[in-house]
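Q: Here's my sequence, what's the structure:
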Amino acid sequence: MTSSSKTSDTLELRTPSVRLSETPDGLPEVPGGWAQKEWTIEGHVFRLILPASPDDFLDDADVHAAFDRDEYMPYWAYLWPASLKMVATILRTPWIPGTEVLELGAGIGLVGLAGLAQGLKVTFSDYEPKAVDLALYNAGRAGFTQASGMVLDWRQIPDRQFPLLWGCELLYEDRNHKPLLELTQKMLAPGGTAWFVDGGRAKAELFCNLVQEAGLTVRIFDEQMQPLPVPRVGRYQLIEVQLG
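A: Numbering: from 1, shown residues only. Predicted coordinates for the structure are as follows:
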């Protein structure tokens, strides 16, 4: 299987969404408009606003210009199946209330919302400002007004540390591996843990190798948090990274 092969764990969710008749107050106009969807995971109900037709972003002039400048793609607008499984894992895991989490590549904010539901202090971050605003909007709608947001370029790492780093579907382009590793080395607090969830893309093994070469500890788990001996392709995996 190649890195471009599609499976149920790697293919973005494309169930048609009914466009809302009006743009919600506090959100900008976006290509294709907005929709609302609901997921029940581990007994928790999540109701989120999200782009109704993410593919419409691909025809947007601003997106084309951003791609020409920096190979930008609007991945934030899509929901990926691995995020639903990551949410389930977060909800099944005992956490110390109030622990700080930085979510990388937050997108619509579903993973961070699971952390908020578990009593964690979540900072949503993304390269795309619209994604940060949307994640905070969804958090506010759910009653989590204490969440924070950060527009973050991994190549310009702020001087701040978190005991927990979370990221879902960040490993699809190996050009991002080194910046993600450097960010982890700088922003993960001593004794902290980073979770990078992946739908089973072939590039994940390259990232694991890079992390190990840097002297960090890597462990890999399946959906039930059972250890995996090596990264797998085409199926969900959680890559846990700790400073060596």
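
Q: Let me see the confidence value for the most centrally placed residue in the chain.
A: Among the residues of the chain, the one closest to the centroid is residue 168, at 3.6 Å (CA atoms, centre = their mean). With respect to pLDDT, residue 168 scores 96.

Q: and if you look at residue 33?
A: At residue 33, pLDDT is 95.

Q: show me the contacts for the residue nearest to it when sequence neighbours are not counted.
A: Closest residue in space to residue 33, ignoring its immediate chain neighbours: residue 19 at 4.2 Å, by CB to CB, 6 or more residues apart in numbering. Where you see a C-beta, it was placed from the backbone N, CA and C, and this is true even at glycine. Each residue near residue 19 by CB atoms under 8 Å, 6 or more residues apart in numbering is listed here: 32, 33, 34, 35, 52, 53.

Q: One more: residue 238?
A: Applying CB under 8 Å, 6+ apart to residue 238 gives the contacts 86, 89, 195, 196, 197, 198, 220, 221, 222, 225.

Q: The same query, at a cut-off of 10 Å, please.
A: Listed by CB atoms under 10 Å, 6 or more residues apart in numbering, the contact partners of residue 238 are 82, 85-86, 89, 168, 195-198, 219-223, 225, 228.

Q: Specify which member of those is nearest to residue 162.
A: residue 195 (11.9 Å; CB to CB).

Q: hang on, isn't that closest one packed against residue 164?
A: Yes - under the criterion of CB atoms under 10 Å, residue 195 makes contact with residue 164 at 7.6 Å.

Q: Just name the shakiest helix or strand of the chain by mean pLDDT.
A: Least confident helix or strand, the chain: helix 61-70 with a mean of 86, by mean pLDDT, DSSP states H and E.

Q: helix or strand right after that one?
A: Tracing the chain C-terminally past helix 61-70 and defining elements by DSSP states H and E, one meets helix 81-92 next.

Q: for the residue lying farthest from the centre of the chain, what are its contacts?
A: In the chain, counting by CA atoms, centre = their mean, residue 21 sits farthest out from the average C-alpha position, at 27.8 Å. Shown in contact with residue 21 (CB under 10 Å, 6+ apart): 33, 34.

Q: can you check residue 24 too?
A: Contacts were defined as CB under 10 Å, 6+ apart; by that measure residue 24 touches 34, 36, 49, 134, 137, 141.

Q: How about residue 164?
A: Contact analysis of residue 164 by CB under 10 Å, 6+ apart lists 95-96, 99-103, 115, 120-122, 188-189, 192-195.

Q: how about it, secondary structure?
A: strand (DSSP: H, G, I helix; E, B strand; the rest coil).
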